[in-house]
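In: predicted structure and sequence below. I'll ask about it afterward.
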Amino acid sequence: MTQREKTLSIILLGAMLFFVGGALGYFVVLSPIMESKAQIKKLNSDIEDKELAQEKIYAQQRQMKALTEQSLPNDVPKFRGIYSEFLARLFRQANFETGTVRIISKDPDEKSAPKIPTTKKYAYTRLIYEVAAQGDLYHLVDFMQMFYGQPVLHNITKLTVSRPSEAKLQSSRELTISMTVEALVMDGAPNRPTLFPLPSAPALLAGGGVANVGITSHSVTSVGPGAPQPIQTILASPSRPYLAVAGANPFYGPPPKPEPPKPEEKKTTPPPPPPEPSPDETPYVYITSIIGDDAGLTIASLWDRANNYHYSVVKEPSGNIYVESYFMFEGSRSTLHKTSREIVVGSTKGLNMRRFRVWQVNDDSLLLEEIEQIPADVKELPKLPAQSFVAGGLAQANIPTGRVGLMTLDEPLSNLKKVWSMDIPEMIYPRSSALPPLKSSGR
């Protein structure tokens, strides 16, 4: 074998070894590594998909929990009638005249709801109400704005508005209104004593306000799987001018323009009469909630619907009571007055101011005394009068001397329930609690 042949043999052998080694390296080392990387990539993608699906499940669970809180309480026989009264109250607030609204409560319907796979129970029960009314389009828009501003699961599923055939009703621009209202009672709804969900005491102290007949949406932050959900079903936005809809009345057109005033004859006019007082605003003040904790802190929340003012009556564990009035504007809370015990309604300018002193905060009512004197400046309210009563001839303590009554959850401030004078000391200083510092009568 010549040298040239030896060289070619070596080159050929090296090429064969190179290709054979490369093939072995690819199939033995590189190919398994590439397959492992592909499997890792696929597993990571599966993990991300499952984590995303898990987050969606958490979000749906939070949303379902929030909706369940907004459901009507699970006592259907009781709250079926309470919700009917609530609808009637909304119509009265929208200035529908007495006798022009008829509400019929239908039998509850749960058969149309889907069943929950795990429990085989129906997901919800529908409370159905048929409503027939006569009123102006302005009143209907006002009603619907208040209706869709409530934090409960309800909806108007059918609405028919028509122009009446009677000439008398046409002259008053009234409309014939019929609607079907449905409210939901979710499976697992809370067994609370009130129609609307109650905010916690920290939420009230932090500015959680009250709106319309119900409660406004809570300010919450959604972070992580267990974060709370804000109220979902409040559709009416206070910033939208819904009542402008009534100005474009499709049934009667815009309201007639007033006639131009006739030129007045020059004559000596008598001095103007004194200004008339503004209407009493106490019929628009309601208790929306009374909550307490084990430490003895009790908070009663009131809402003045006429002016959108809020009152927080706080009874501290020590027995001290103070009242803070405020209003909400664009999400911020602005304090009007903070007094020792007094709720001030109306104003001196409107000649309709009324003042009430809080003597006791109960679980379902407030014990109030109306103060007849109207000060010129409500920022500096007088201290409690040095009135007293003799308890068995042995001790003395402060009691009210004006008109005293109980304000309950179902009645406005104008409808104070009468309290007998002999029962007042026991209601302010119950026997189970300690009296304030006493002074001996000398016996």
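Out: That came in fine, so what should we check first?

In: please make it C-alpha for all contacts and neighbour counts, starting now.
Out: Noted.

In: so where do the strands sit in the stretch 251-400 of the chain?
Out: Assigned by DSSP state E, counting those that start in this stretch, the stretch 251-400 of the chain shows strands spanning 285-292, 298-304, 309-315, 321-329, 332-339, 342-345, 354-361, 365-371, 389-391, 395-397.

In: what strands flank the fifth one, and is each parallel or antiparallel?
Out: To tie it back to what came earlier, the one meant is strand 332-339. Next to strand 332-339 in the sheet, as set by DSSP bridges, lie strand 321-329 (antiparallel).

In: what's the span of stretch 249-260 from first residue to last?
Out: 23 Å (Cα to Cα, to the nearest Å).

In: how far does that stretch sit from its chain's centre?
Out: Stretch 249-260 has its average C-alpha position 36 Å from the chain's average C-alpha position, going by Cα atoms, centre = their mean, to the nearest Å.

In: can I get the strands of the stretch 251-400 of the chain in TSV including mean neighbour count, mean pLDDT and distance to residue 194?
Out: Output for the strands of the stretch 251-400 of the chain, formatted as TSV (neighbours: other Cα atoms under 10 Å; pLDDT from 0 to 100; distance: least, Cα to Cα, whole Å):
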stretch	mean neighbour count	mean pLDDT	distance to residue 194
strand 285-292	22	92	9
strand 298-304	24	93	14
strand 309-315	24	92	19
strand 321-329	18	88	23
strand 332-339	15	82	25
strand 342-345	23	90	24
strand 354-361	21	92	18
strand 365-371	21	91	14
strand 389-391	12	39	37
strand 395-397	18	46	35
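
In: looking at those, which is nearest to residue 74?
Out: strand 285-292 (19.2 Å; Cα to Cα).

In: could I get the CA-only coordinates of the closest one as PDB?
Out: Output of strand 285-292 as PDB, limited to C-alpha atoms (Å, rounded to 0.1, in the frame of the first residue of the first chain):
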ATOM      1  CA  VAL A 285     -84.600  60.800  57.900                       C
ATOM      2  CA  TYR A 286     -84.500  57.100  58.500                       C
ATOM      3  CA  ILE A 287     -82.300  54.700  60.500                       C
ATOM      4  CA  THR A 288     -80.500  52.400  58.000                       C
ATOM      5  CA  SER A 289     -78.600  50.200  60.300                       C
ATOM      6  CA  ILE A 290     -77.700  49.700  64.000                       C
ATOM      7  CA  ILE A 291     -74.600  47.500  64.600                       C
ATOM      8  CA  GLY A 292     -72.500  46.700  67.700                       C
END
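
In: and that strand with strand 309-315, angle?
Out: Angle, strand 285-292 to strand 309-315, by axes from the mean of the first three to the mean of the last three Cα atoms, to 10 degrees: 40 degrees.

In: can you say which of the strands of the stretch 251-400 of the chain is nearest to residue 242?
Out: Comparing these by Cα to Cα, strand 321-329 comes nearest, at 18.3 Å.

In: can you give me the angle the closest one makes with strand 298-304?
Out: 40 degrees.

In: quick one: contacts of strand 321-329?
Out: 209, 308-315, 333-343, 358 (Cα atoms under 8 Å, 6 or more residues apart in numbering).

In: nearest to residue 20, of the strands of the stretch 251-400 of the chain?
Out: strand 332-339 (78.6 Å).

In: with just CA atoms, put the closest one into CSV.
Out: Output in CSV follows, covering the C-alpha atoms of strand 332-339 (Å, rounded to 0.1, in the frame of the first residue of the first chain):
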residue,chain,number,x,y,z
SER,A,332,-64.8,61.8,49.7
ARG,A,333,-66.4,62.4,53.1
SER,A,334,-66.9,65.9,54.3
THR,A,335,-67.9,66.4,58.0
LEU,A,336,-70.7,69.0,58.6
HIS,A,337,-71.0,68.9,62.4
LYS,A,338,-69.7,66.8,65.3
THR,A,339,-71.7,67.3,68.5
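
In: just the angle for it relative to strand 354-361, thanks.
Out: Using the same axes, to 10 degrees: strand 332-339 against strand 354-361 is 90 degrees.

In: now do strand 332-339: distance to the chain's middle.
Out: Distance, centroid of strand 332-339 to centroid of chain: 19 Å (Cα atoms, centre = their mean).

In: repeat that for stretch 50-59.
Out: 29 Å.

In: repeat for stretch 136-148
Out: 18 Å.

In: which parts of the stretch 201-350 of the chain are helices?
Out: 201-205 (DSSP state H, counting those that start in this stretch).

In: pLDDT weak spots in it?
Out: 201-234 (pLDDT under 70).

In: let's go with 80 and repeat that
Out: 201-239, 243, 245-248, 253-259, 262-269, 330-331, 337, 339-340 (pLDDT under 80).

In: what sits against residue 265?
Out: Contacts of residue 265 by Cα under 8 Å, 6+ apart: none found.

In: give me the phi and psi for it.
Out: phi -80, psi 140 (degrees, to the nearest 10).

In: how about the helix or strand containing residue 156: buried residues?
Out: Taking DSSP states H and E as the definition, residue 156 sits inside strand 154-162. Residues residue 154 are the ones in strand 154-162 that count as buried (16 or more other Cα atoms under 10 Å).

In: for stretch 77-89, same thing?
Out: Result for stretch 77-89 [16+ other Cα under 10 Å]: buried residues 79-80, 83-84, 87-88.

In: rewinding a little: for the strand holding residue 156, what is the distance to the chain centroid?
Out: 23 Å.

In: tell me the strands beside that strand, with direction?
Out: Strand 154-162 is paired, per DSSP bridges, with strand 175-186 (antiparallel).

In: same question for the partner strand, mean pLDDT?
Out: For strand 175-186, mean pLDDT rounds to 93.

In: average model confidence for the strand holding residue 156?
Out: pLDDT averaged over strand 154-162 gives 93.

In: just checking, residue 131 touches residue 101?
Out: Yes: counting by Cα atoms under 8 Å, residue 131 does reach residue 101; the two are 7.1 Å apart.

In: determine the longest helix present in this structure.
Out: Counting residues, the longest helix found in the chain (DSSP state H) is helix 31-70.

In: what residues sit buried inside that one?
Out: Buried, per 16+ other Cα under 10 Å, within helix 31-70: 58-59, 62-63, 65-70.

In: swap in stretch 398-412?
Out: 398-400, 404-409, 411-412.

In: distance from the chain centre to it, please.
Out: 26 Å.

In: how about that stretch as CSV, C-alpha atoms only?
Out: Extracted in CSV, the C-alpha atoms of stretch 398-412 (Å, rounded to 0.1, in the frame of the first residue of the first chain):
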residue,chain,number,x,y,z
ASN,A,398,-79.9,63.5,84.4
ILE,A,399,-83.1,62.8,82.4
PRO,A,400,-84.8,64.6,79.6
THR,A,401,-87.6,67.1,80.1
GLY,A,402,-88.8,67.7,76.5
ARG,A,403,-90.8,65.5,74.2
VAL,A,404,-89.2,62.0,74.3
GLY,A,405,-89.9,59.2,71.8
LEU,A,406,-88.4,56.1,70.2
MET,A,407,-87.1,56.2,66.6
THR,A,408,-87.3,52.7,65.1
LEU,A,409,-85.8,51.1,62.0
ASP,A,410,-89.1,51.1,60.1
GLU,A,411,-90.2,54.7,60.8
PRO,A,412,-88.9,58.1,59.9
